[in-house]
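Enquirer: Need a 3D model of the following:
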Amino acid sequence: NQGDDSELVGHPLHFSLRSPELANMVRDGITDLLVENNLQWKVLLSPDHSCLLLPDISGYSGVAKEYLKKEVYEMNHFNQLSNCNPPLINWHPDLSATIPIKTEGDGNCLLHAVSLSIWGVHDRALILRKALHETMLGNVDEFKARWTLHQQSVIYDSESLDQIWNSHIGQADIDCTTVSDNGKVRFEFLEQIHIFILAHIVKRPIIVYAESNVGL
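Expert: This next block holds a predicted model:
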């Protein structure tokens, strides 16, 4: 009900927090969509053209709009990416607006972001992370050959390449975690090769927008 602040302000707005049972049903559906192809990749059974569309908030009051922006939108990223020269997002008035939304900064943010953008739920069940790790374990040659070709301009020693590749596999492992001072579990942050493989799994391009100090 647009304009009714009581339906928004003070309540959790992320899908998985507001409707956990429905979010779990969505995650079950994602699990059913992931299969192993003849190359031993975990891939979506068919190209999933789903895409998260945020609601039109123009009818809400100022209080509700500000609450939505605070709880769901990542306004620092939005301002940086929209106001740089040339702008990286929302550069044409005829295109639908792209709005960065918040994800958990727990080391699994890449998988959270991809899952949110397609299905609207975080990857809290680690479905995509498991698929990524299993694919790297099960089909080393296909992706390692591409990665090695890219790395050879910097690293020539095959033993060093093997060590680094194995470390990339370990980074994707759901059991490779640390516990922060506040007791939260943190996963290993992922890198370019993980993005490349994940794009094959979800069968769509992944474009990473980053602030300049992130270093991607």
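Enquirer: When you work out contacts or count neighbours from here on, use the C-alpha atoms and nothing else.
Expert: Fine.
Enquirer: Residue 178: what secondary structure?
Expert: Here residue 178 takes the strand state, with states given by DSSP: H, G, I helix; E, B strand; the rest coil.
Enquirer: pretty sure it contacts residue 107?
Expert: No. Between residue 178 and residue 107 there is no contact, the gap being 10.0 Å when judged by CA atoms under 8 Å.
Enquirer: any common contacting residues for these two?
Expert: Between them, residue 178 and residue 107 share the neighbouring residues 186, 187, with contact defined by CA atoms under 8 Å, 6 or more residues apart in numbering.
Enquirer: Pick out whichever of those two has more residues nearby.
Expert: Here residue 178 and residue 107 are set side by side on neighbour count (other CA atoms under 10 Å), and the busier one is residue 107, at 18 against 14.
Enquirer: Check the secondary structure at that one for me.
Expert: Residue 107 is classified as coil under three-state DSSP.
Enquirer: Do I have it right that it meets residue 184?
Expert: No. Because the distance of 11.0 Å does not satisfy CA under 8 Å, residue 107 is recorded as not touching residue 184.
Enquirer: where do the helices sit along this protein?
Expert: For the chain, the helices identified by DSSP state H occupy 15-18, 20-33, 62-71, 75-83, 109-119, 127-138, 140-151, 158-172, 192-202, in order along the chain.
Enquirer: quick one: which of those is nearest residue 41?
Expert: helix 127-138 (5.0 Å; CA to CA).
Enquirer: Determine how far the closest one lies from the middle of the whole chain.
Expert: Put simply, helix 127-138 sits 14 Å off its chain's centre (CA atoms, centre = their mean, to the nearest Å).
Enquirer: buried set for it?
Expert: Across helix 127-138, burial judged by 16 or more other CA atoms under 10 Å covers 127, 128, 129, 131, 132, 133, 134, 135, 136, 137.
Enquirer: does the third one really touch residue 110, like I thought?
Expert: No. Contact status for residue 129 versus residue 110: not in contact, 9.2 Å apart, counting by CA under 8 Å.
Enquirer: May I have the predicted confidence score for the spatially closest residue to residue 31 that is not a sequence neighbour?
Expert: Leaving out its chain neighbours, the residue that sits closest to residue 31 by CA to CA, 6 or more residues apart in numbering is residue 127, at 6.7 Å. In the predicted model, residue 127 carries a pLDDT score of 93.
Enquirer: so who does residue 127 touch?
Expert: Contacts of residue 127 by CA under 8 Å, 6+ apart are 27, 30, 31.
Enquirer: In the chain, where is pLDDT below threshold?
Expert: Along the chain, the model assigns pLDDT under 70 to residues 1-16, 39-40, 45-48, 155-156, 210-216.
Enquirer: which one of the buried residues of helix 127-138 is nearest residue 94?
Expert: The shortest approach to residue 94 among the buried residues of helix 127-138 belongs to residue 128, at 32.9 Å (CA to CA).
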